[in-house]
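[1] build me a model from this:
(one chain, ligands or ions: 1)
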Amino acid sequence: MDKFIIEGPTPLIGTIPVSGSKNAAMPLMAAALLANSPTTLNLIPRLKDIYTFKKVIEETGTSVNFNEDANSMVLDPANLNNTEAPYELVRRMRASFYMLGALIGNAGEAKVSLPGGCAWGPRPVDLHLKGFEEMGINIELDQGYVYASIKNSTVEGGDFTLNPSSVGATINLVLGAVKRAEKFIIRNAAKEPDVVLLCKMLAEMGADIEGIGTDTLTIRKVDELKGIEYSNDPDRIETGTFMIAAAMHPESDLTLTGCRPEQLGKFPDSFKKLGVDFKIDGTEIRIKSTANLQPVSVTTKIYPGFPTDLQAQWATLMTQANGTSVVTDTVYFDRFSYVPELNRLGGKLRVEKNKVTIQGKTILSGASVMSTDLRASVSLVMAAMVAKGKSEILRIYHLDRGYEQLEKKLNDVGASIQRVPQ
Ligand code: UD1
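    Numbering: from 1, shown residues only. All right, here's what the predicted structure looks like:
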């Protein structure tokens, strides 16, 4: 296991290229299992979660060739002969549960481990399972595994409302329905860019999906889907993370390249209120920070609202603002494990239910802190980059799950981050 040693404070000055999206890449990889020929995916980031999902897919007999230098991956399900996704792999990463939809689509049957809990409380999959049952798929649970099967090769389908709207359930149900359900309607479907990208890819492969980009998806089965070459989106959460990291130091002047700013939803509206100099020019975003950062309270919502995946980073930024602010998470109520660690660095944050109140203008100083999950970890890195002196961030394996070459990218623009064995 590794840790980071970070010396601060350092402004971020220069250019960072944004990597491919982690959360969008995995549904695209799952979709490749539905094709009758190989699929090539571009802009696939080299991340631990991607390698884990690659392994889950390879378990089935599907071949996966990852050309890491080119961030390009070829998947061929021609020899798929195993329809199980085992606990050892699924427990490492929840998105492995997409194998349920992908295997139902490919083989009409699946045995997939239930994903279990998570660092920020229970994250259920009840909607995934209810949706498949509504579709006509036979679902049974036994000893921590979900067994899915269908009597004939197709099912009638149905009409299912997601409450609450769920990214993962929408993706799983779409994957399961496109080759199996006569007609399946998903209402209150997630509209996150990751879902839209998957649906567009499936449509290009030959799927019949109506309502892409809206909250009602109507899917009618097709017999065959063909493999295609398709490009992943840049990571909007990585984009937002670096925007926030830049705003944290008054002398930062950071340009992000290869972005899709239109996929940031309402996030830029909150960002503008900070008072930083912020410009979008095509696929580039430039942030020049300010010594007079305004406190901006935010509430997370489903897309296009403020993303829960940027909640911890925003609360961290607010420690440097000129006043008090409140960050409320309405998507996950218990995602504040970073708060005690941030307070160890000198932050003054107080959690009450699903709200955190942050006192601004606090002087952070170096300390040893512990990563608890992916977004919490990157928030600690951001805090350490503006804290005075040396910080140690332990258990950084969380970061390797979701940020490609994080320390290289940050060191290239002026940070001082060293990776050493823990
Ligand atoms: C995805 C993202 C995660 C992000 C989240 C919300 C991936 C791999 N992960 O997670 O980074 O934080 O979207 O944007 O893409 N729910 C249920 N029952 C279910 C499923 C979900 O009650 O069966 C609830 C959850 O508890 C949560 C809400 O629905 O309160 C939204 O969760 P969901 O959109 O499903 O999140 P994930 O797809 O797991």
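
[2] where does the protein have low pLDDT?
    116-122 (pLDDT under 70).

[3] quick one: the helices in it, in order.
    22-31, 48-58, 87-90, 99-107, 126-135, 167-177, 193-205, 236-247, 267-272, 311-318, 338-344, 374-386, 397-402, 406-412 (DSSP state H).

[4] is the first one in proximity to the ligand?
    Yes. Figure legend: helix 22-31 in contact with the ligand (C-beta under 6 Å from any ligand atom); contacting residues Asn23. Every residue, glycine included, has its C-beta placed from N, CA and C.

[5] picking up where we left off before, export the helices of the chain as CSV, with columns for mean neighbour count.
    Formatted as CSV, the helices of the chain follow (neighbours: other C-beta atoms under 10 Å):
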stretch, mean neighbour count
helix 22-31, 27
helix 48-58, 21
helix 87-90, 18
helix 99-107, 27
helix 126-135, 20
helix 167-177, 28
helix 193-205, 22
helix 236-247, 26
helix 267-272, 18
helix 311-318, 28
helix 338-344, 21
helix 374-386, 28
helix 397-402, 20
helix 406-412, 18
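
[6] got these as TSV, with distance to Thr39 columns?
    Formatted as TSV, the helices of the chain follow (distance: least, C-beta to C-beta, whole Å):
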stretch	distance to Thr39
helix 22-31	7
helix 48-58	11
helix 87-90	21
helix 99-107	12
helix 126-135	23
helix 167-177	13
helix 193-205	8
helix 236-247	23
helix 267-272	31
helix 311-318	33
helix 338-344	37
helix 374-386	27
helix 397-402	23
helix 406-412	28
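
[7] contact residues of this protein facing the ligand?
    So the chain meets the ligand at 23, 94-95, 123-128, 164, 166-169, 190, 194, 308-309, 331-332 (C-beta under 6 Å from any ligand atom).

[8] let's see 8 Å
    22-24, 26-27, 49, 93-95, 122-130, 164-171, 190, 192, 194, 237, 302-303, 307-309, 331-333, 374-375 (C-beta under 8 Å from any ligand atom).

[9] and the residue of this protein closest to the ligand?
    Gly168 (2.8 Å; C-beta to the nearest ligand atom).

[10] now do the contacts for that residue.
    For Gly168, the contact set (C-beta atoms under 8 Å, 6 or more residues apart in numbering) comprises Arg94, Ala95, Phe97, Tyr98, Val125, His128.

[11] again, only this time at 7 Å
    Shown in contact with Gly168 (C-beta atoms under 7 Å, 6 or more residues apart in numbering): Phe97, His128.

[12] from Met26, how far off is it?
    10 Å (C-beta to C-beta, to the nearest Å).

[13] likewise Phe184?
    Per C-beta to C-beta, Phe184 is found 22 Å from Met26.

[14] just Gly20 next, same as before
    11 Å.

[15] can you give me the strands in the stretch 1-150 of the chain?
    Along the stretch 1-150 of the chain, the segments classed as strands by DSSP state E, counting those that start in this stretch run 2-8, 13-17, 39-42, 63-67, 72-76, 84-85, 109-113, 138-142, 145-149.

[16] mean neighbour count and distance to Leu345 added to the ones you listed, as TSV?
    Converted to TSV, the strands of the stretch 1-150 of the chain look like this (neighbours: other C-beta atoms under 10 Å; distance: least, C-beta to C-beta, whole Å):
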stretch	mean neighbour count	distance to Leu345
strand 2-8	20	10
strand 13-17	16	23
strand 39-42	20	39
strand 63-67	15	37
strand 72-76	20	38
strand 84-85	22	39
strand 109-113	22	37
strand 138-142	12	43
strand 145-149	19	41
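
[17] break this structure down into its domains, please.
    What automatic domain parsing lists as the domains of the chain is 2-15+235-421, 23-221.

[18] what about the first one, how long is it end to end?
    Going back to what we said before, that points to domain 2-15+235-421. 4 Å (C-alpha to C-alpha, to the nearest Å).

[19] can you verify my assumption that Tyr145 contacts Leu100?
    No. Between Tyr145 and Leu100 there is no contact, the gap being 10.5 Å when judged by C-beta atoms under 7 Å.

[20] tell me how far stretch 25-45 is from the chain's mean position?
    17 Å (C-alpha atoms, centre = their mean, to the nearest Å).

[21] quick one: terminal-to-terminal distance for that stretch?
    In terms of C-alpha to C-alpha, the two terminal residues of stretch 25-45 are separated by 8 Å.

[22] next: stretch 356-371.
    Span of stretch 356-371 from end to end, C-alpha to C-alpha: 18 Å.

[23] show me which residues of that stretch are buried.
    356-360, 362, 364-367, 369-371 (16 or more other C-beta atoms under 10 Å).

[24] could you list the residues in contact with that stretch?
    With C-beta under 7 Å, 6+ apart as the criterion, stretch 356-371 contacts 8, 295, 315, 318-327, 336, 339, 341, 344-350, 377, 380, 383-384, 386-396, 398-399.

[25] could you give the number of residues near Glu284?
    15 (other C-beta atoms under 10 Å).

[26] can you report how many residues lie near the closest residue to it other than its chain neighbours?
    Counting by C-beta to C-beta, 6 or more residues apart in numbering, Glu284 lies nearest to Thr257, which is 5.4 Å off, once chain neighbours are set aside. Using other C-beta under 10 Å, Thr257 has 14 neighbouring residues.

[27] Pro17 is in contact with Thr257, correct?
    Yes. The pair Thr257 / Pro17 is scored as a contact, 5.0 Å apart, by C-beta under 7 Å.

[28] still on that earlier bit, need the domains of the chain in JSON lines (columns: distance to Gly227).
    JSON lines is the format used below for these (distance: least, C-beta to C-beta, whole Å):
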{"stretch": "domain 2-15+235-421", "distance to Gly227": "24"}
{"stretch": "domain 23-221", "distance to Gly227": "4"}
